[in-house]
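Novice: sequence and predicted structure, then a few things I'm wondering about:
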Amino acid sequence: MKRRHLLALLGTFSFGGAAAPWRLVATPLRAPGTREHVTRSMAAVAETMFPGDGLPGAAALGVHQQVLAVPDLQARIAQGMAWLDRHAASLGAADFLALDQAGRLAALDAAFASRDDGIQLFVLTMRDHLGTAYYSTPAIKSAFAYTGPPQPDGFADFQQRPS
């Protein structure tokens, strides 16, 4: 419980209020818009986009924390999470976190297909940042045997005209 909630709770009891404590208790700690909710939602987005499939998933590696630490992305992340929560609510779920893995994937697909609120840019930005952070993690890089250039011998026909 946060200190301000405790102080508000103690303040309402000292003034004899009865309705305010129930409001504080009824407000879940993962209420949409809170930092904890955004962090947990970003972990769910990261795990949905990069589940690992035999390797550690993105959320297990803490990749979402790296993306959340980028100051320029804060507003875009907040807007994107709000859109995903609204989409989940339209499907009857409490929020994006309440969806199962298939529902989360469908929500991200719907976000990518949508043209409103810049949500498509959010999905592309998260895929780029999460993917770069995920595949540059030492645990993932070491899982691939070859880390050199994709064409070690170059392109054999680079001096010929394209046909």
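Specialist: Received it, and whenever you're ready, just let me know what you need. Residues are numbered from 1 along each chain as shown.
Novice: show me the domain layout of this structure.
Specialist: 1-29, 31-141 (automatic domain parsing).
Novice: could you look over those domains and pick the most buried one?
Specialist: Of the domains of the chain, the one with the most neighbours on average (mean count of other CB atoms under 10 Å) is domain 31-141, at a mean of 17. No exception for glycine: its C-beta is placed from N, CA and C like everyone else's.
Novice: still on that earlier bit, mean pLDDT lowest for which of the domains of the chain?
Specialist: When the domains of the chain are compared by mean pLDDT, domain 1-29 comes last with a mean of 45.
Novice: what are the boundaries of the helices in the protein?
Specialist: Here the chain has its helices, by DSSP state H, at 3-14, 19-26, 35-49, 58-61, 63-68, 74-90, 101-113, 119-135, 138-141.
Novice: list the contacts of the fourth one.
Specialist: Applying CB atoms under 8 Å, 6 or more residues apart in numbering, the contact partners of helix 58-61 are 43-44, 46-47, 49-52, 64, 130, 133-134, 137, 139-140.
Novice: try 10 Å
Specialist: With contacts defined as CB atoms under 10 Å, 6 or more residues apart in numbering, helix 58-61 is touched by 40, 42-52, 55, 64-67, 130-131, 133-135, 137-140.
Novice: list the contacts of the residue nearest to Q101 when sequence neighbours are not counted.
Specialist: Spatial nearest neighbour of Q101, excluding adjacent residues (CB to CB, 6 or more residues apart in numbering): T48 at 6.8 Å. Residues in contact with T48, defined by CB under 10 Å, 6+ apart, are 57-59, 96, 99, 101-105, 107-108, 130.
Novice: repeat for D85
Specialist: By CB under 10 Å, 6+ apart, the contact set of D85 is P32, G33, H37, V38, S41, A93, A94, D95, F96, L97, A98, A107.
Novice: quick check: the residue nearest to G80 when sequence neighbours are not counted vs H64, distance?
Specialist: Spatial nearest neighbour of G80, chain neighbours left out: F122 (3.5 Å); criterion: CB to CB, 6+ apart. In this view, F122 and H64 are 14 Å apart by CB to CB, to the nearest Å.
Novice: go on, H37?
Specialist: Where H64 is concerned, H37 sits at a distance of 13 Å (CB to CB).
Novice: do the same with H87
Specialist: Distance of H87 to H64, computed by CB to CB: 19 Å.
Novice: rewinding a little: overlap in contacts of F122 and H64?
Specialist: V45, I77.
Novice: brilliant, that's me finished.
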